[in-house]
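> the sequence and its predicted three-dimensional model are supplied below.
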Amino acid sequence: MMKLRSIVVVLVIVLAMSLGAVKAQDKTIAEVATEAGTFNTLLAALTAADLAGTFADPAAGPFTVFAPTDEAFAAIPPFVLEYLLLPENKDLLTSILTY
C-alpha cells in the first residue's frame, strides 16, 4: 500500500509540473523573462543584438533557452558587458546569445 501511495504522489507531482510547462508554453520567451523580473540583463542584451523580436514572436519558435539571471550576469566584469552591448559588437553579442 505504501509503494502504491508513493507512486501516486510521484505521478501527481509529474502531472503538476507538466501542466506548468504547458502553461509557460503559451507565453513567449520575452514574456516569461519579463514577468520573472530576474532576466533584465538578458533582455537588454537581446535588444542590443536585435534578437528581442525573434524571442517575442510565437511563430519563430519553439525555443529552449538556458538563460542566466541578472545575478549570474553580475559575475561578469561590468566593462565586459558594456563592451558587448556596444552597437559595433552586435555580431559578437549575437553569436554568444545564439550559441
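Arrived safely, thanks for sending. Residues are numbered from 1 along each chain as shown.
> please make it C-alpha for all contacts and neighbour counts, starting now.
Noted.
> state the distance from the most centrally placed residue in the chain to Pro87.
Geometric centre of the chain, nearest residue: Ala67, 4.3 Å, by C-alpha atoms, centre = their mean. Look at Ala67 and Pro87: by C-alpha to C-alpha, to the nearest Å, they are 22 Å apart.
> how far out from the middle of the chain is stretch 27-46?
The chain centre lies 7 Å from the centre of stretch 27-46; the measure is C-alpha atoms, centre = their mean, to the nearest Å.
> quick one on the thing from earlier: hmm, the residue nearest to the centre of the chain is touching Leu42, no?
Yes: in this structure Ala67 lies within contact range of Leu42 using C-alpha atoms under 8 Å: 7.5 Å.
> low-confidence ranges, the protein, go.
Residue ranges of the chain with pLDDT under 70: 1-25.
> and Gly61, backbone torsions?
Phi and psi for Gly61, reported as degrees, to the nearest 10, are phi -90, psi -160.
> grab the nearest non-local neighbour of it.
Phe55 (7.6 Å; C-alpha to C-alpha, 6 or more residues apart in numbering).
> for the helix or strand containing the one you found, packing partners?
Applying DSSP states H and E as the criterion places Phe55 in helix 52-56. If you count contacts as 3 or more C-alpha pairs under 8 Å, 6 or more residues apart in numbering; DSSP states H and E, helix 52-56 packs onto helix 29-36.
> residues contacting the next helix or strand after the helix it packs on, please?
Using DSSP H and E, the helix or strand that follows helix 29-36 in sequence is helix 40-48. For helix 40-48, the surrounding residues in contact (C-alpha atoms under 8 Å, 6 or more residues apart in numbering) are 30, 33-34, 52, 67-70, 73, 85-87, 90, 93-94, 97.
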